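Let me see the structure of the following:
(chains A, B and C)
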Amino acid sequence: MDIFFFLVFAAIALISAVNVVLQRHPIASALSLIGVMGSIAVLYLLLGAEFIAMAQIIVYAGAVMVLFIFVIMLLNAGAEERRGRSWTSQLLGIPALLAFVALIVYFVQRGFADAGNVKFGNFTGGSAQSVGYALFTAYLLPFEVTSVLILVAIVGAIVLARKEMD
Amino acid sequence: MAFIVITLIKTALIAFILLTVLAYLQWVERKVIAHVQVRMGPSRVGPHGLLQPLADVIKLITKEGVMPPHANRFFYLLAPFLAVFMALISISVIPFGTQITVGRWTTMMQLTDLNVGLLFILAISSMGVYGVALAGWSSNNKYALLGGLRSSAQMISYELPMSLAIASPLLMAGTLSLREIVNSQAGYNFGFLPKWNVFGGPFPQIISFIIFMIASFAETNRVPFDLPEAENELVAGFHVEYSSMTFAGFFMAEYANMVTVCSIATLLFLGGWHPLWPVEYGSNFVASLILFVAGAVCIYHAINPARPFDRYTLPVFGVVFFGLAGVMLVPFLVPVLMPLFWFLAKCGFLLFVFVWIRATLPRFRYDQLMGFAWKGLFPMALLNLLITGFLVALES
Amino acid sequence: MPEALQALNNGVPISWYLVLSALLFALGVAGFLLRRNIITVFMCIELMLNAVNLSFVAFSNQHKQVAGHIFTFFVMVVAAAEAAVGLAIILTVFKNRATLNIDEISSLKN
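A predicted model of the protein is given here:
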């Protein structure tokens, strides 16, 4: 059952990621990226990270990508023009790509072959309570620093994007 | 195996009941707004207009769907699908009552009890922005684009006070699971005052209840925050180019969102399915009393009919109401029906408030709306959270 | 056959999650290098960050500690802040140059 869910959502993530790279219109890329984030959120749930899964959807898919889609709509970004690609590069490129992917898969699989298995429910330490406890005790300093970081980002974004006051 | 079958049956049942409720919620809205405006509302299609939703569905299905020229076809059809999908999927974590036992199978009155259920609701409501934004953009119409952008900006701005208003009763309950939050509101202070989050706890959550209700009006694009989609502003905003079933999709999504936020308000603030006063003082008879009175009113108006065919239809309604009142008194059904009745009564009351406010208030201008969110609701919700957190920490 | 079913019942090897993370990261790098539209390049950066997050959560599951989740949380926060500022910069660049093609924003090149 775990393997079935992992394979389905990993396939959705990979196909959507390929779509992000290959689509010509930015809105199609953005929607495919939302698909990637959604399927990664399901993979987080399989890994027992329930708080991070919900945070991924609320923050990434629900706020950051809305920002992207806003900017694409405001700037009226159109589809990219298709540039001519020579036959040789396509003939050499696709097998090279597949070889590269096979190399990655082989080396990562060999390096971590004995890392254990993930069964749904074998890690229950990802609840909101444990994450919150760790955030407020052991990782308090980075937490407060990120709040200053967000403040700086808000001020920077507002200053950069405002209209000129004459 | 039994678990899967039971879940499928529950899903089918909840989906069917939800879709019927959505259709008849529209009837309730039209009747209530009509009576507030001293007119009658739909009254020709069936007795008291009760078949009007059916007529509307038939009309919407058989209408011609016109797609605007040069519109991106895939996104144009994806947008209402996203809106309806997000609106309907958030019902899956809402608990309607306690346990129900049929034969030898016992199951909870909820599709799934996630232990991050509340975060799931927040996540799905953040994703609901996409239906609106995509609809506005893919219609190839500058008014739709403006309406879609305004509506999405409004929805994401009001998500912040909503999340902060949700966080305060969360601090008091100490858990993210919706069923546990309702269970923490069981019991009565001083023997008769319910321990709902809006009354009890270290800090009564009245302010966050009001903030949550205001933010949910904005989240669901209802009056007084419906500038981006009103018919006489911006030519109906983001759904101007949609017709027939796609328009029905947006309509359904709006009502489903309304049902969701009213259910969340009931669960978080009004104590879910716990009755208003203890069972020892007779709160189990409220349902049958209300239905009995409804039946008596129907029979009275059948005897002095205002319209000629009332003589034949109102007695039928009266008998149905008396039958339901009798069903509410059956002893082995009471533990199942009473929590469901109280949940539906509170949720229904909040839905009535939604419709009532639509009939009463004018709408806000866009800059008033956004200023109110960022300069009014957000600091108030933050202050409420601070006070609640301080008092909860003092208590433990 | 029973061993295969037993292996199926054992869960998913963690190396599979790491392989997926590596592939997503490689796809992000490919998109970053190949695309011409600034916003799409930015989205490929977000894809890379998501792949890294998946790695962190997988390792956190392997060692049964919550530290991986914390790091993922911080990566998410930093990515959100970076997206806000980056998109504001893109808006400003578009206002000045009226183009979103990174090949044409090369005035610092000699």
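
Quick one, grab the pLDDT at the most centrally placed residue in chain B.
Centroid-nearest residue in chain B: B:Val259, 1.6 Å away (criterion: Cα atoms, centre = their mean). pLDDT, B:Val259: 94.

Look up how far C:Val75 lies from the residue of chain B most remote from its centre.
The centre of chain B is farthest from one residue, B:His70, which by Cα atoms, centre = their mean lies 36.4 Å away. As judged by Cβ to Cβ, to the nearest Å, B:His70 and C:Val75 stand 40 Å apart. Yep, even glycine has a C-beta here, placed from its N, CA and C like the rest.

How about B:Thr20?
Per Cβ to Cβ, B:Thr20 is found 45 Å from C:Val75.

neighbour count winner among the two?
Neighbours per residue, other Cβ atoms under 10 Å in any protein chain shown: of B:Thr20 and C:Val75, the larger number sits with C:Val75, 15 against 11.

So the host helix or strand of the more buried one, near chain B or not?
Here C:Val75, judged by DSSP states H and E, is contained in helix C:67-97. No. Helix C:67-97 does not reach chain B (Cβ under 8 Å from any Cβ of the partner chain); its nearest approach is 12.6 Å.

Can that helix be said to contact chain A?
Yes. Applying Cβ under 8 Å from any Cβ, one finds helix C:67-97 touching chain A at C:67, C:69-70, C:72-74, C:76-85, C:87-92, C:94.

name the helices or strands packed onto that helix?
Where contact means 3 or more Cβ pairs under 8 Å, 6 or more residues apart in numbering or on different chains; DSSP states H and E, helix C:67-97 is packed against helix A:50-55, helix A:65-75, helix A:128-136, helix A:140-161, helix C:38-63.

in that helix, what's buried?
C:68-74, C:76-77, C:79-91, C:93-94 (16 or more other Cβ atoms under 10 Å in any protein chain shown).

what does stretch B:25-38 give?
Quick answer for stretch B:25-38 (16+ other Cβ under 10 Å): B:Leu25, B:Gln26, B:Trp27, B:Val28, B:Glu29, B:Arg30, B:Lys31, B:Val32, B:Ile33, B:Ala34.

Give me the mean pLDDT for it.
The model assigns stretch B:25-38 a mean pLDDT of 93.

Could you dump the buried residues of stretch B:25-38 into JSON lines and include distance to A:Phe9 and secondary structure?
Shown next, in JSON lines, are these (distance: Cβ to Cβ, whole Å; DSSP: H, G, I helix; E, B strand; the rest coil):
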{"residue": "B:Leu25", "distance to A:Phe9": "35", "secondary structure": "helix"}
{"residue": "B:Gln26", "distance to A:Phe9": "37", "secondary structure": "helix"}
{"residue": "B:Trp27", "distance to A:Phe9": "41", "secondary structure": "helix"}
{"residue": "B:Val28", "distance to A:Phe9": "40", "secondary structure": "helix"}
{"residue": "B:Glu29", "distance to A:Phe9": "39", "secondary structure": "helix"}
{"residue": "B:Arg30", "distance to A:Phe9": "43", "secondary structure": "helix"}
{"residue": "B:Lys31", "distance to A:Phe9": "46", "secondary structure": "helix"}
{"residue": "B:Val32", "distance to A:Phe9": "44", "secondary structure": "helix"}
{"residue": "B:Ile33", "distance to A:Phe9": "45", "secondary structure": "helix"}
{"residue": "B:Ala34", "distance to A:Phe9": "49", "secondary structure": "helix"}
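
tell me which of those is nearest to C:Asn9?
Closest approach between the buried residues of stretch B:25-38 and C:Asn9, by Cβ to Cβ: B:Leu25, at 46.2 Å.

Using the three-state scheme, assign the spatially closest residue to that closest one that is not a sequence neighbour.
Nearest in space to B:Leu25, with sequence neighbours left out and distances taken as Cβ to Cβ, 6 or more residues apart in numbering or on different chains, is B:Tyr255 at 5.3 Å. Here B:Tyr255 is recorded as helix under DSSP: H, G, I helix; E, B strand; the rest coil.

Could you measure from B:Tyr255 over to chain C?
32 Å (Cβ to the nearest Cβ, to the nearest Å).

Get me the contact residues on the stretch 1-150 of chain B for chain A.
B:72, B:75, B:78, B:114-116, B:119-120, B:122-123, B:126-127, B:129-130, B:133-134, B:136-137, B:145, B:148-149.

So of the buried residues of stretch B:25-38, which two are at opposite extremes in space?
Pairwise distances across the buried residues of stretch B:25-38 peak at 14.8 Å for B:Leu25 and B:Ala34 (criterion: Cβ to Cβ).

Please look at B:Pro362 and B:Pro224 and confirm they touch.
Yes. In this structure, B:Pro362 is within contact of B:Pro224 by Cβ atoms under 8 Å, at 6.6 Å.

show me where pLDDT drops low in the stretch 51-200 of chain B?
For the stretch 51-200 of chain B, the stretches with pLDDT under 70 are B:191-192.

Can you list the residue ranges for strands in it?
B:99-102, B:105-108, B:188-189, B:193-194 (DSSP state E, counting those that start in this stretch).

quick one: the closest residue to B:Met258 other than its chain neighbours from chain C, how far?
Nearest non-adjacent residue to B:Met258, counting by Cβ to Cβ, 6+ apart: B:Thr220, 5.2 Å away. According to Cβ to the nearest Cβ, B:Thr220 stands 25 Å off from chain C.

Give me the neighbour count for B:Thr220.
25.

Identify the residue nearest the geometric centre of chain A.
Closest-to-mean residue, chain A, Cα atoms, centre = their mean: A:Met37 / 4.9 Å.

part of a helix, is it?
Yes. According to three-state DSSP, A:Met37 belongs to a helix.

on that earlier part again, could I get the helices and strands packed on helix C:67-97 in CSV, plus columns for mean neighbour count?
What follows is those, written out as CSV (neighbours: other Cβ atoms under 10 Å in any protein chain shown):
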stretch, mean neighbour count
helix A:50-55, 24
helix A:65-75, 21
helix A:128-136, 16
helix A:140-161, 14
helix C:38-63, 23
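
what's near enough to touch the residue nearest to the centre of chain A?
A:Gln56, A:Ile57, A:Tyr60, A:Ala61, A:Met65, C:Asn50 (Cβ atoms under 8 Å, 6 or more residues apart in numbering or on different chains).
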